[in-house]
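**Student:** One predicted model, sequence on top.
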Amino acid sequence: MIRDDNRMKLGLTIGDYPLAEKRPDLVVSARNKSLADLTLEAVEQGAASLEDFRITPRALRLQAEIAEAAGRPTLGRNFERAAELVDVPQETILQIYELLRPGRAKSKIELLDAARLLREQYGAGTMAGFVEQAAEVYERRGLFTYRF
Amino acid sequence: MSEPKQQSANRWRRFADWDERPLRLDRFAVEDPQNGFAAFKGAKDPAPGLAIENGRVTRMDGVAAADFDMIDVFIAEHHLDLDLAPKAMAMPSTEIARMLVDFNIPRTELTRLAHGLTPAKLAEVVAQLSSIEIAYAFSKMRARKTPGNQAHVTNAKDDPLQLAADAATAVAFGFDEIETTMRVARNAWANALACSVGAAVGRWGTLFQCASEEAEELQIGMAGFTSYAETVSVYGTEKAFMDGDDTPWSKAFLAAAYASRGIKMRCTSGAASELLMGFHESKSLLYLEARCLCLQRAMGVQGTQNGGIDGAPLASTMPGGVRELMAENLIAVWLDLECATGNDARHSESEIRVGAKILPLLIAGSDLICSGFGSILKYDNSFNPSSFNGEEMEDFLVLQRDFEADGGLKSIGESEALALRRRAVDALSAVLADLELSQPSAAMKASVVVASGSNDTESYLPRDVSLISEEIKRRGINVLDVIRALARQGYREEAENLLNVVRLRVSGDYLQTSSVIRNGSVLSAVNDANDYAGPGTGYRLSDQRRRELVSIRDVLDREEVLRTEATYARDEERRIRYRVLGGAEPGQPKNEVVIGLSPAFGLKLYRSLAGHPLSALLRELVGGITAKGGQPRIVRMRHTADTSFLGLSAARLAGSGIGIGLQAKGTAVIHQADRLPHHNLELFSNAPITKLAHYRQLGENAAIYAKGEMPEPVVVPTEGEAMGARFHAQVALIYAIETSLAVDGAQPEEIEVDFLEDRP
């Protein structure tokens, strides 16, 4: 279920921020609704669901561009990693988080498997690389030992 | 004199007085760098340093790459900009420190420079600055221009009705964020629902978080109730981090997870957490905190809750500890992070230490000066008491006014507060009923609306709340269900307000650094960047904001004084009649004592500052003079309102050469005709604490002086009251009324006084 997002950069500047006000054309919900469609009436009638109020990978990538333009590259990279996690189910997120905590994974393999899952099933290549880095460091620092 | 019991004869009793001060409840610790008790200079703090080979860090702050712990690796990989680092690290720390306080060096140049600095270097630089320089640099370096504040909204019963009411009042006070937590963990869902409804009353835009267990907090966020999180803690040593059951990677993963759910997030770190956890590595508070902060920037979080936080009380036991808390806040904003600057866990029982700690940040401005401010009473704060709490709210509001400094808050009126609380309680009750969660009674609601704290309420208890909370969770009720319920029950405005907060997620604008919502728009370090570049630049109060800051409750003005005096006038008419007999001439009798009244005495002003009717003052003086064989005469001075000159002029008219000057506010003096104006015989300068008996004695003493004898001077005992603070605004207004009636060279008038109460 890899979503084919438009990952092309738009060259946004801080002048495009806040997007909701300056570039409402770029702000579209997961079910393709504009902000103007997300009204109380739409919620009452069931035309807008919680899904419509979730952030999209695209919005996160646009915010990454703005963060970068504002001189905050690490914040931008976090938004890019986040964009990859939007479609990862909550249970999987919590499982991988748990696995990254000290002593949860009993070997490097478990983390590498999680990285593969992220990369192959969710197209989360950057996040996968991040987990692989953790696996390397955890091994060197002896985190794969049993903790009571 | 006998020795009071239980007082050692061999001890200066002042020490016993000091023992009783709240300050002495604070315990202080000796500086001991080896054992982690050092604010700035740890026993094992490394010298700053960085070696790069082939585009890889090979050594950082004295540690070879092969020996890097997880924190080192993460900082070297994700924080340091290796293109910038060699040049940045080569700059002398003193030079960089000077740049921090030089308003000609733009903030952006310094934040960029920080991308190339190691933790030890950052710590070394800010350690060069004095407290005032740290505060000044902070005001220049903080990310968002407009200051803000955060509140705690909790209570000892986890009572949702009170949470809703208190959330609504916190919103009205102007808090940008409110944070709740629970006494009983399973009540998280009820807390979240209640606060989100309460925060939607009155206006929209206050962000809300529910501090709970990591996974549950994320779930509550997913259900749309909360809009930010700040409980993602990081630590400066690897062992402390692991003891906190996390790693830099697990926390960074969580940071991305929050952003992926459209939830604003900041980390938490603060001095002395490693020391509290027993893994300080003999390093200083500041160095370990510099590591935490570099790590947070490396993780790509937008901000930090920083400045001791739970470790603030421990940090404050050390020499320089409070300065260190400011220094770590400075590193945070230098690293371009939103900074919620602590001032939550109360670091002292001394109100002076608390006030002193907040001041530098208040005048410097801060993204969120407290994280948070206890908007509820101390005993209701489920996080622990904050520096400022519901009890001290007005002190904070006055500090803002004193310094014309924006701490993010404003006053609210009594009727406004009551209306908001009632609305919030009604709205939440309607939601609970609509969703078939509970039916609060009218008595419960009524008790909460007027309650200052949960001791005053007859409402839900923690067990009742657990049933509601578990039902919310079990049925998967989300924020849209609540919004629909509000709308169905006629709370459309609140439904719209709550929906507006949920809608923020779609664009993600509020995920950028230092975001708050003001007037329906996101304000962040991107579109409201701190552009301080010297006097006249950066954040300044707008006229409207200044009006909000100065509008505290219960202030005096001239009309108020005149109105109050007018009510006393009617009472005085029944007690005394003054009749002008014509110009006053010097008297002959050797026992004559003249009482010189001030110009407005009994004409425009009718009560002394102590609240005595002026007629009573005169009766006592006249009675006292007569009792000791004196002959009183009353004269109104029209040329002066000054006590000394009233007394001296009266003395010059008196046959005995002894006169009493008496102002309407009650200040009185005994004077002698041949003395210098300000060299009187006796003076009652503390009118507010002067009793009628003192005036009686003053009259007696004047008559004794008239006989040429020397009485025991009357001493009005004071307990050290700050008279100026209590009375000087009133004094100045009253005195202006007196002086407005004074005419240069006007002759004193002979007055006949008739005490009407003495008539049969």
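**Tutor:** Sure thing, it's come through.

**Student:** how many other residues sit next to residue B:564?
**Tutor:** 14 (other C-beta atoms under 10 Å in any protein chain shown). Backbone N, C-alpha and C define where each C-beta goes, glycine included.

**Student:** Also residue B:399?
**Tutor:** Burial of residue B:399 is recorded as 19 neighbouring residues (other C-beta under 10 Å).

**Student:** what sits against it?
**Tutor:** Residue B:399 sits next to B:355, B:358-359, B:362, B:405, B:407 when contact means C-beta atoms under 8 Å, 6 or more residues apart in numbering or on different chains.

**Student:** which of those count as buried?
**Tutor:** The neighbour count (16 or more other C-beta atoms under 10 Å in any protein chain shown) marks B:355, B:358, B:362, B:405, B:407 as buried among those.

**Student:** Just those: which are in helices?
**Tutor:** Among the buried ones among the contacts of residue B:399, the subset assigned to helices under DSSP state H consists of B:355, B:358, B:362.

**Student:** quick one: which of these is nearest to chain A?
**Tutor:** The shortest distance between chain A and any of these, using C-beta to the nearest C-beta, involves residue B:362 and amounts to 26.8 Å.

**Student:** Report how many residues lie close to residue 81.
**Tutor:** No chain was given, so I picked chain A. Counted with other C-beta under 10 Å, the burial measure for residue A:81 works out to 26 neighbours.

**Student:** wrong chain, I was asking about chain B
**Tutor:** Burial of residue B:81, expressed as a neighbour count using other C-beta under 10 Å, amounts to 15.

**Student:** OK, contacts around whatever residue of the stretch 551-700 of chain B ends up closest to chain A?
**Tutor:** Closest approach of the stretch 551-700 of chain B to chain A (C-beta to the nearest C-beta) occurs at residue B:551, with a separation of 30.3 Å. The neighbourhood of residue B:551, defined by C-beta under 8 Å, 6+ apart, consists of B:410-411.

**Student:** same check, this time on residue A:10
**Tutor:** Contacts were defined as C-beta under 8 Å, 6+ apart; by that measure residue A:10 touches A:26, A:62, A:65.

**Student:** Next up, the contacts around the residue of chain A found nearest chain B.
**Tutor:** For chain A, the nearest residue to chain B under the criterion C-beta to the nearest C-beta is residue A:78, separated by 2.7 Å. If a contact means C-beta under 8 Å, 6+ apart, then residue A:78 has B:252, B:255-256, B:259, B:299-301 as its contacts.

**Student:** In JSON lines, list those along with pLDDT and secondary structure.
**Tutor:** Supplementary listing: the contacts of residue A:78 in JSON lines, determined by pLDDT from 0 to 100; DSSP: H, G, I helix; E, B strand; the rest coil:
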{"residue": "B:252", "pLDDT": "97", "secondary structure": "helix"}
{"residue": "B:255", "pLDDT": "96", "secondary structure": "helix"}
{"residue": "B:256", "pLDDT": "97", "secondary structure": "helix"}
{"residue": "B:259", "pLDDT": "97", "secondary structure": "helix"}
{"residue": "B:299", "pLDDT": "98", "secondary structure": "helix"}
{"residue": "B:300", "pLDDT": "98", "secondary structure": "coil"}
{"residue": "B:301", "pLDDT": "98", "secondary structure": "coil"}
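
**Student:** Tell me the one of those residues nearest residue B:599?
**Tutor:** For residue B:599, the nearest member of these is residue B:301. The distance, counting by C-beta to C-beta, is 67.7 Å.

**Student:** ok, the closest one to residue B:428 distance?
**Tutor:** Residue B:301 is 32 Å from residue B:428, where distance means C-beta to C-beta, to the nearest Å.

**Student:** So which of those two has more stuff around it?
**Tutor:** When residue B:301 is set against residue B:428 and neighbours are counted by other C-beta under 10 Å, the residue ahead is residue B:428, at 34 against 29.

**Student:** The residue lying closest to the more buried one once chain neighbours are set aside: how many residues sit nearby?
**Tutor:** Among residues not flanking residue B:428 along the chain, residue B:164 sits closest, at 4.0 Å (C-beta to C-beta, 6 or more residues apart in numbering or on different chains). By other C-beta under 10 Å, 31 other residues sit near residue B:164.

**Student:** again with residue B:35
**Tutor:** Neighbour count for residue B:35, taken as other C-beta under 10 Å: 13.

**Student:** and the nearest residue to it once chain neighbours are set aside, which of the three is it?
**Tutor:** Of all residues not flanking residue B:35 in the chain, residue B:282 sits nearest, at 7.3 Å (C-beta to C-beta, 6+ apart). Residue B:282 carries the three-state label coil when classified by DSSP: H, G, I helix; E, B strand; the rest coil.

**Student:** Could you verify my assumption that residue B:282 touches residue B:37?
**Tutor:** No. Under the criterion of C-beta atoms under 8 Å, residue B:282 makes no contact with residue B:37, lying 10.0 Å away.

**Student:** Show me which of these two is the more surrounded one.
**Tutor:** With neighbours defined as other C-beta under 10 Å, residue B:282 and residue B:37 compare such that residue B:37 has more, 24 against 15.

**Student:** Quick check, pLDDT for the more buried one.
**Tutor:** Model confidence at residue B:37, given as pLDDT, is 98.

**Student:** Now for it: which residues touch it?
**Tutor:** By C-beta under 8 Å, 6+ apart, the contact set of residue B:37 is B:29-31, B:275, B:317-318.

**Student:** how about the helices in chain A?
**Tutor:** Shown for chain A, the helices assigned by DSSP H span residues A:19-22, A:40-44, A:57-69, A:73-85, A:90-100, A:108-122, A:125-140.

**Student:** Would you mind listing the buried residues in stretch B:588-596?
**Tutor:** B:591-596.

**Student:** Restrict stretch B:360-370 to CA atoms and write it as CSV.
**Tutor:** What follows is the C-alpha trace of stretch B:360-370 in CSV, where atoms were taken according to Å, rounded to 0.1, in the frame of the first residue of the first chain:
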residue,chain,number,x,y,z
PRO,B,360,14.9,37.6,33.9
LEU,B,361,12.7,35.5,31.7
LEU,B,362,9.7,37.7,32.1
ILE,B,363,11.6,40.8,31.0
ALA,B,364,13.5,38.9,28.3
GLY,B,365,10.3,37.3,27.0
SER,B,366,9.9,33.6,26.3
ASP,B,367,8.1,31.3,24.0
LEU,B,368,6.3,29.8,27.0
ILE,B,369,7.6,31.4,30.1
CYS,B,370,6.2,28.6,32.3
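
**Student:** starting at the chain centroid, how far to that stretch?
**Tutor:** Relative to the mean C-alpha coordinate of its chain, stretch B:360-370 is positioned 11 Å out (C-alpha atoms, centre = their mean, to the nearest Å).

**Student:** same question, stretch B:498-517
**Tutor:** On the basis of C-alpha atoms, centre = their mean, stretch B:498-517 is displaced by 28 Å from the centre of the chain it belongs to.

**Student:** could you list every residue that touches the residue sitting nearest the centre point of chain A?
**Tutor:** With distances taken as C-alpha atoms, centre = their mean, chain A has residue A:82 as the residue nearest its mean C-alpha position (2.0 Å). With contact set as C-beta under 8 Å, 6+ apart, residue A:82 has these partners: A:60, B:256-260.

**Student:** measure residue B:172 to residue A:89 for me?
**Tutor:** In this structure, residue B:172 lies at 39 Å from residue A:89, with C-beta to C-beta as the measure.

**Student:** Those two: who's more crowded?
**Tutor:** For residue B:172 and residue A:89, the more surrounded residue by other C-beta under 10 Å is residue B:172, and the numbers stand at 22 against 11.

**Student:** ok, now which ones touch that one?
**Tutor:** Applying C-beta under 8 Å, 6+ apart, we find residue B:172 in contact with B:202, B:412, B:416-417, B:420.

**Student:** Name the pair among the residues you listed with the greatest separation in space.
**Tutor:** Greatest spatial distance in these: B:202 and B:417, 10.5 Å, computed using C-beta to C-beta.

**Student:** Appreciated, that's everything.
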